[in-house]
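[1] Give me a model of this one.
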Amino acid sequence: MTEYKELKIGAKAPAFKLPDAEGNTVSLADYKGKWLVLYFYPKDSTSGCTTEAVDFTGSLPEFRSMNAEVAGISPDSCKSHQKFIVKHSLMVTLLSDEEKTVLEKYGVWQLKKMYGKDYYGVVRTTFLIDPEGKIRHIWNNVKVNGHIDEVKSRLKELQG
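    Model (predicted):
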């Protein structure tokens, strides 16, 4: 577990290169010139993560009309992402971080507690990254219901 410094609004987003569901490498640089909604989620096919991915997929045309793309990152494998995408007809890009290097860079791989047990896992977090690669907004400990509307609203504000 590496130490990370907490990311702040206005900071440069940490660079990444990760495989998508098909095994193609996707990097932060691929989104230069566009806004990026980068969301981190715990696990494919769990209820909250499914709702979030389906909601982002449903809003993708609206995000794209605002020059924004949406990508989700979890520690699941590419194969797991493929099943998740097919099962729920997802259109968002899902990236696999099995080594957890990007999860750690973004500070979302944290000690959690459930039923009195400590374990490491992904804290559901969304970063809004501008076309120059700077973090413009961070949502920590995201509650899925209503989240996509908050992201769209903030993106509209920032685009002014």
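
[2] From Gly10, how far out is Ile129?
    Using C-beta to C-beta, to the nearest Å, Ile129 is found at 11 Å from Gly10. Every residue, glycine included, has its C-beta placed from N, CA and C.

[3] what's the overlap in contacts for those two?
    When contacts are counted by C-beta atoms under 8 Å, 6 or more residues apart in numbering, the set common to Ile129 and Gly10 consists of Ile135, Arg136.

[4] neighbour-wise, which of those two wins?
    Set Ile129 next to Gly10 and count neighbours by other C-beta atoms under 10 Å: Ile129 wins out with 22 against 9.

[5] Does that one touch Ala13 like I think?
    Yes - Ile129 is in contact with Ala13 according to C-beta atoms under 8 Å; the separation is 4.7 Å.

[6] what's the overlap in contacts for the two?
    Listed contacts common to Ile129 and Ala13 are Leu28, Leu36, Leu38, Ile135; contacts here mean C-beta under 8 Å, 6+ apart.

[7] Name the nearest residue to Ser89, ignoring sequence neighbours.
    For Ser89, the nearest residue in space outside its immediate sequence neighbours is Thr57; the separation is 7.2 Å by C-beta to C-beta, 6 or more residues apart in numbering.

[8] most centrally placed residue in this protein?
    Most central residue of the chain, judged by C-alpha distance to the mean C-alpha position with C-alpha atoms, centre = their mean, is Tyr39 at 1.6 Å.

[9] Run through the helices of the protein in chain order.
    Assigned helices in the chain, in chain order: 47-65, 78-88, 101-105, 147-159 (criterion: DSSP state H).

[10] Distance to Gly121, mean neighbour count and mean pLDDT added to those, as a markdown table?
    Rendered in a markdown table, the data for the helices of the chain read as follows (distance: least, C-beta to C-beta, whole Å; neighbours: other C-beta atoms under 10 Å; pLDDT from 0 to 100):
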| stretch | distance to Gly121 | mean neighbour count | mean pLDDT |
| --- | --- | --- | --- |
| helix 47-65 | 12 | 16 | 96 |
| helix 78-88 | 15 | 16 | 97 |
| helix 101-105 | 9 | 19 | 96 |
| helix 147-159 | 18 | 15 | 96 |
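
[11] For Val123, find the nearest of the ones you listed.
    Checking the helices of the chain against Val123 by C-beta to C-beta gives helix 101-105 as the closest, at 9.4 Å.

[12] so what does the helix or strand bottoming out on mean pLDDT in the chain touch, helix or strand wise?
    Counting by mean pLDDT, DSSP states H and E, the chain has its least confident helix or strand at strand 109-114, which shows a mean of 90. Here strand 109-114 is seen to pack against strand 117-122 when contacts are counted using 3 or more C-beta pairs under 8 Å, 6 or more residues apart in numbering; DSSP states H and E.
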